[in-house]
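1. Please find the sequence and the predicted model below.
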Amino acid sequence: MAAKTGNQAVAMTVPAAKKKKRSQRAELWRRFKKSKTALIGFGLLALVLVTAIFANQIAPHSYDGMNLMVRRQPPSAEYLMGTDHMGRCVFSRVVYGTRISLVVGFFAVLLSAIAGGTIGAISGFYGDKVDNFIMRIIDVVLSIPPILLAIAIVSAFGGSLVNVMIAIAIGYTPRFARVVRGSVMTIKEDEFIDAARVLGASDYRIITKHIMPNALAPVIVQGTLFVAMAILQAAGLSFIGLGAQPPTPEWGAMLSTGQNYIRDAWWMSVFPGLAIAVTVLSLNLLGDGLRDALDPRLKT
């Protein structure tokens, strides 16, 4: 009879755990959808992602297909956003440019999150001299504006999308390190960390299995906001000729080209600029919504 009771308790525990996990997700979604602006940002970002994924099906023309007979034509039924100075479809180039901007932004932030998260976790976990040494280096890097650091790196190693991603990642690594360090210093004082030490868990296991999963919330929020900033920086580098090289349809490069024809062909600059604005706005709105949903102090 006792064995039967034990089996029933185990059987009841598993559904209870699943129910609790589902309830946590439901609570996060409930708090997230309370913000109408966050939902708008989520919808806009979903539209941008769909555009990037299905660019081949959405774009009516090739992004580098030139037709000098239709140079600088205004928006029309055939060319929804007009054509540029080489007779290329601006709409198609904006659509394909979505892929490039998102890839550069996401991968740059991913690299910086991994590097910064590792540095911040080590600094916050060990503290004392290790923390002091790492933080002084972080302070030096933080004293340099990210865009200036990116310009210096790309200028030294050459203009390419890979170098742009690396340069942006280096600029945001110390910012992620600061965020993770603060979270780790708070979490490492909790009782379950002491319990893990008593059970003989190594520092590596404590950091990777116990601390970092509980420090992900602020990293996710900051990552969302940093992606928007990375897209802006990548566009800025391409605008001054240090990023994507022709004929790559990068939004910043399109803006740079379009400024020479702003009086006669405004669409060459306006539509890439709108694409940047919509993407950055969607990420900022989404980041604000995630911050409110993941903040334990806002459980209302």
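-> Received, thanks. Residues are numbered from 1 along each chain as shown.
2. any idea whether Val130 is helix, strand or coil?
-> What DSSP: H, G, I helix; E, B strand; the rest coil gives for Val130 is helix.
3. check contacts around it.
-> By C-beta atoms under 8 Å, 6 or more residues apart in numbering, Val130 lies in contact with 122-123. Bear in mind the C-beta positions are built from the backbone N, C-alpha and C, glycine included.
4. Equivalent analysis for Ala38, please.
-> Contacts of Ala38 (C-beta under 8 Å, 6+ apart): 32, 285-286, 288-290, 292-293.
5. Could you point out the helix or strand that follows the helix or strand of the chain with the lowest mean pLDDT?
-> When the helices and strands of the chain are compared on mean pLDDT, DSSP states H and E, helix 2-33 comes out lowest with a mean of 56. Next along the chain after helix 2-33, taking DSSP states H and E as the criterion, comes helix 36-53.
6. Sort out which residues of that following helix are buried, please.
-> 38, 41-42, 44-45, 48, 51-52 (16 or more other C-beta atoms under 10 Å).
7. which one in those is the model shakiest on?
-> Across the buried residues of helix 36-53, the smallest pLDDT goes to Ala38, namely 82.
8. Name the nearest residue to it, sequence neighbours excluded.
-> Gly289 (2.3 Å; C-beta to C-beta, 6 or more residues apart in numbering).
9. For Gly236, list the residues it contacts.
-> 147, 252.
10. pLDDT score for it?
-> 91.
11. Same check on the one 3 residues further on?
-> pLDDT, Phe239: 90.
12. From start to finish, how long is stretch 47-64 in a straight line?
-> 24 Å (C-alpha to C-alpha, to the nearest Å).
13. can you give me the angle the lengthiest helix in the chain makes with helix 36-53?
-> Longest helix in the chain by number of residues (criterion: DSSP state H): helix 90-126. Here helix 90-126 points in a direction 120 degrees away from that of helix 36-53 (axes from the mean of the first three to the mean of the last three C-alpha atoms, to 10 degrees).
14. Next, count neighbours for Arg263.
-> 6 (other C-beta atoms under 10 Å).
15. Need the three-state assignment for it.
-> coil.
16. returning to that earlier point: the residue nearest to Ala38 contacts Thr37, correct?
-> Yes. Contact criterion C-beta atoms under 8 Å: Gly289 and Thr37 qualify, at 7.1 Å.
17. Tell me how far the residue nearest to Gly116 when sequence neighbours are not counted lies from Thr208.
-> In space, and not counting its chain neighbours, Gly116 is closest to Phe176: 2.7 Å by C-beta to C-beta, 6+ apart. Phe176 sits at a distance of 16 Å from Thr208 (criterion: C-beta to C-beta, to the nearest Å).
18. Confirm Leu136 sits in a helix?
-> Heads up, residue 136 is Arg, not Leu. Yes. According to three-state DSSP, Arg136 belongs to a helix.
19. Contact partners for it?
-> Arg136 neighbours (C-beta under 8 Å, 6+ apart): none.
20. what's the neighbour count on His85?
-> His85: 16 surrounding residues under other C-beta under 10 Å.
21. Check whether it sits in a helix, strand or coil.
-> coil.
22. Okay, angle between the helix or strand where the residue nearest to Ala38 lies and helix 90-126 too, please.
-> Using DSSP H and E, Gly289 sits within helix 267-294. Per the same axes, to 10 degrees, the angle that helix 267-294 makes with helix 90-126 is 30 degrees.
23. ok now helix 267-294, how far from the chain's centre?
-> 11 Å (C-alpha atoms, centre = their mean, to the nearest Å).
24. by contact count, what packs against it?
-> Packed against helix 267-294 by the contact rule (3 or more C-beta pairs under 8 Å, 6 or more residues apart in numbering; DSSP states H and E) you find helix 2-33, helix 36-53, helix 90-126, helix 216-239, helix 251-258.
25. Just send these back as CSV, with distance to Ala277 too.
-> Below are the helices and strands packed on helix 267-294 laid out as CSV (distance: least, C-beta to C-beta, whole Å):
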stretch, distance to Ala277
helix 2-33, 23
helix 36-53, 10
helix 90-126, 12
helix 216-239, 10
helix 251-258, 10
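26. nearest to Val180, of those helices?
-> helix 90-126 (3.0 Å; C-beta to C-beta).
27. quick check: angle from that closest one to helix 216-239?
-> Using the same axes, to 10 degrees, helix 90-126 lies at 140 degrees relative to helix 216-239.
28. Flag every buried residue along helix 90-126.
-> Taking 16+ other C-beta under 10 Å as the criterion, helix 90-126 shows 90-102, 104-105, 107-109, 111-113, 115-125 as buried.
29. now the angle between helix 251-258 and it, please.
-> Using the same axes, to 10 degrees: helix 90-126 against helix 251-258 is 140 degrees.
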